[in-house]
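**Q** return atomic coordinates for the entry below.
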Amino acid sequence: MVNPLAGEVEVVLDGRAHVAKLTLGALAVLEAELGAESMIALVERFESGRFSSRDVLAVLVAGLRGGGWAGGMDELIATEFKGGPVGAAHAAAALLARAFRIEGT
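**A** Numbers count the residues shown, from 1 in each chain. Now for the predicted structure:
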């Protein structure tokens with residue numbers, strides 16, 4: 001079971017539930033990998049709907065790794081994601097929103 005208040009999101013790959021969380025380390029790797037000017041710029045891409053499928057996959061890999069998953073992009077691409085592409089985009093957006101949630105809001 002995930003704890004949304006701790007920034008966690010459930011991600012189901014090949015029918016198996018995983019905990020995903022964007023830790024500070026995962027965010028740093030994600031920012032560098034996507035060449036984002038800042039994490040706020042990446043969040044704004046999601047908020048405005050200007051994100052790519054690569055953005056979604058990168059956020060999911062970072063979040064899954066932050067949750068303890070040992071896989072990478074190649075493993076994620078080879079799995080079946082619950083909810084398909086739309087479910088993946090929603091999970092990535094939830095990870096970003098929860099990572100930047102201000103306590104008490």
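**Q** quick check: next helix or strand after the worst-scoring helix or strand of the chain on mean pLDDT?
**A** Lowest by mean pLDDT, DSSP states H and E among the helices and strands of the chain is helix 39-47, with a mean of 80. For helix 39-47, the following helix or strand on the C-terminal side (DSSP states H and E) is helix 53-66.
**Q** returning to that earlier point: how big is the angle separating the least confident helix or strand of the chain from helix 53-66?
**A** Angle of helix 39-47 versus helix 53-66, following axes from the mean of the first three to the mean of the last three Cα atoms, to 10 degrees, is 120 degrees.
**Q** any buried residues in helix 39-47, and which?
**A** Buried residues in helix 39-47, defined by neighbour count with 16 or more other Cβ atoms under 10 Å: 39, 42-43, 45-46. (C-beta placed from N, C-alpha, C; glycine too.)
**Q** okay, these in a markdown table with distance to Gly66 next?
**A** Output for those, formatted as a markdown table (distance: Cβ to Cβ, whole Å):
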| residue | distance to Gly66 |
| --- | --- |
| Met39 | 14 |
| Leu42 | 15 |
| Val43 | 16 |
| Arg45 | 20 |
| Phe46 | 17 |
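**Q** quick one: which of the residues you listed is nearest to Leu24?
**A** Met39 (10.2 Å; Cβ to Cβ).
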